[in-house]
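Asks: Predicted model and sequence below, questions to follow.
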Amino acid sequence: YTGIDISEECISNNIKDAKENLIKAKFIVEDANSLESLKGNFYDLVILTGTLHHLDVEIFLQNVKQIISPNQGTVIMHEPMGTNPFINIFRFLTPKLRSPDEHPLTFDDLNLIKKYFKNSSYQLHTISSMLSIPFALIPSRRVKKFGTFVSIILGKIDTYMAKFPILKRLSWIVLITAKE
């Protein structure tokens with residue numbers, strides 16, 4: 001396992017957590033756009049969680065192609081989508097909650113991924129269930145328990161809503177599996 005983050009603090013925390021959990025891992029402070037320290041190595045699996053939308057998508061795709069195992073490498077990405085107008089209004093009203101380089105993905109980004117990784121697929125998730133987020137922010141066990149209940153109900157509603165392509169485009173999250 002090799003972990004990369006641009007934040008020294010994050011890498012320090014990862015090293016500490018890995019030691020505590022007896023996980024053999026190497027952590028590197030590096031800009032994920034370049035992946036310089038990984039070049040010359042091949043990885044069967046690359047996982048990004050909320051990373052791609054902070055990068056130059058095309059530069060990252062060019063570089064990650066150089067480090068995944070030929071014919072069997074997979075890149076899995078869990079990212080926010082920028083296609084829901086309600087979430088975009090929230091983003092507009094709360095710019096201090098985001099970093100300046102943040103750009104949630106669009107369908108053009110998903111098509112670009114397909115250009116670099118022919119056998120790519122994606123699943124859109126979280127349409128109405130994002131409404132349960134405020135419950136997680138309130139420091140009360142009872143409120144959080146109710147929020148979990150609300151989240152489960154909204155998740156079931158999302159499953160139904162996702163059957164309609166026009167509504168599915170309102171998803172907040174995309175899970176991408178990219179393969180050669």
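Replies: Good, I have the coordinates.

Asks: For this protein, which segments count as strands?
Replies: 2-5, 26-29, 45-49, 74-80, 121-125, 173-179 (DSSP state E).

Asks: Just name the shakiest helix or strand of this structure by mean pLDDT.
Replies: Lowest by mean pLDDT, DSSP states H and E among the helices and strands of the chain is helix 133-137, with a mean of 75.

Asks: now for that helix, which elements pack on it?
Replies: Under the contact criterion of 3 or more C-beta pairs under 8 Å, 6 or more residues apart in numbering; DSSP states H and E, helix 133-137 touches helix 141-161. In short, each C-beta sits where N, CA and C put it, glycine included.

Asks: neighbouring contacts of the helix it packs on?
Replies: 125-129, 131-132, 134-136, 138, 167-168 (C-beta atoms under 8 Å, 6 or more residues apart in numbering).

Asks: do that again at 6 Å, thanks
Replies: Outside of helix 141-161, the residues within contact range by C-beta atoms under 6 Å, 6 or more residues apart in numbering are Ile127, Ser128, Ser129, Leu131, Ser132, Phe135, Ala136, Leu167.

Asks: likewise stretch 70-80?
Replies: Contacts with stretch 70-80, where a contact means C-beta under 6 Å, 6+ apart, come from 44-49, 52-53, 64, 104-105, 174-180.

Asks: wait, which of the strands of the chain is closest to Asn88?
Replies: Closest approach to Asn88 among the strands of the chain (C-beta to C-beta): strand 74-80, 10.6 Å.

Asks: Name the residues of the closest one that come out as buried.
Replies: Using 16 or more other C-beta atoms under 10 Å as the test for burial, strand 74-80 gives Thr74, Val75, Met77, Glu79, Pro80.

Asks: tell me the angle it makes with strand 45-49.
Replies: Relative orientation of strand 74-80 versus strand 45-49 (axes from the mean of the first three to the mean of the last three C-alpha atoms, to 10 degrees): 0 degrees.

Asks: Contacts only, for Asp5.
Replies: Each residue near Asp5 by C-beta under 6 Å, 6+ apart is listed here: Ile11.
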